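**Q** the following comprises the amino acid sequence and a computationally predicted model.
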Amino acid sequence: MTISKRATQLPESSPAAQLYEVINRRRDVRSEFTGEPIPDDVLHRVLSAAHSAPSVGLSQPWDFILVRDERTRRSFREHVQAERSVFAAQLEGERAETFSRIKVEGILESSLGIVVTYDHHRGAPQVLGRHAIADAGLYSVCLAIQNLWLAATAEGLGVGWVSFYREEFLRRLLGIPSGIRPVAWLCVGPVRNLADTPDLERHGWRSRMPLEQVVHHEKYRSDSSR
């Protein structure tokens, strides 16, 4: 059994077509931020979309820290740049050259930093559905991030997920309690445009795999059998 590559045409005005358009237009933004403020009503809608995400046992284990202070953002950026150097030192040859051209954050260029955290204890001790999958709460936070990202894209905003940081540093920087895990620093704000091609693909770091390569039927197929 194979998946047909023939695209089913949907009316452009249909809700489904509009949803797929937002999904396909979403990008991890680095250089395109304008720095303009985010209107309060837009920010509220985006955060409301994130807070509407599904969560294991309706635990809603997320919090959103809005970071506007320039001194805080500069401190975080310095840390991110140091971690970038740590990663770059592990690379050689073509990988090192390719990575040198890739921008990994837009911390100062964006209008706002949104730090999303995970509270493992929220709803505990009886979190319905988490007894067998300990990370289900963390997965829930990721769903909230995805909701936020798609809502921001629909509102004409860009989002960039910064991953070059140590959790302990961010915890100290923002006064996050020891039992709370920082999951993401998201750079958010209006953008000049959203690139047609993701940065990592455009710079030649990785290419998107075809759908057929990651779909399995009935059982997992090893690479050798594909």
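**A** Looks like it came in fine.

**Q** give me the contacts around the helix or strand of the chain with the lowest mean pLDDT.
**A** Lowest mean confidence among the helices and strands of the chain (mean pLDDT, DSSP states H and E): helix 199-202, at a mean of 81. Contacts to helix 199-202, defined as C-beta atoms under 8 Å, 6 or more residues apart in numbering, come from residues 27-28, 30, 102-103, 195, 206-208. C-beta: built from backbone N, CA, C; applies to glycine.

**Q** 7 Å instead?
**A** Around helix 199-202, the neighbours that count as contacts under C-beta atoms under 7 Å, 6 or more residues apart in numbering are 28, 30, 102, 195, 206-208.

**Q** contacting residues for residue 120?
**A** Going by C-beta under 7 Å, 6+ apart, residue 120 touches 61, 137, 179.

**Q** now with 6 Å, please.
**A** Contacts for residue 120 (C-beta atoms under 6 Å, 6 or more residues apart in numbering) come out as residue 137.

**Q** picking up where we left off before, go through the least confident helix or strand of the chain and flag the buried ones.
**A** residue 199 (16 or more other C-beta atoms under 10 Å).

**Q** and what of stretch 195-212?
**A** Those buried within stretch 195-212 under the rule 16+ other C-beta under 10 Å are 195, 199.

**Q** how about the contacts of helix 199-202 in a markdown table, adding distance to residue 43 and secondary structure?
**A** A markdown table is the format used below for the contacts of helix 199-202 (distance: C-beta to C-beta, whole Å; DSSP: H, G, I helix; E, B strand; the rest coil):
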| residue | distance to residue 43 | secondary structure |
| --- | --- | --- |
| 28 | 20 | strand |
| 30 | 21 | coil |
| 102 | 28 | coil |
| 195 | 23 | coil |
| 206 | 32 | coil |
| 207 | 34 | coil |
| 208 | 30 | coil |
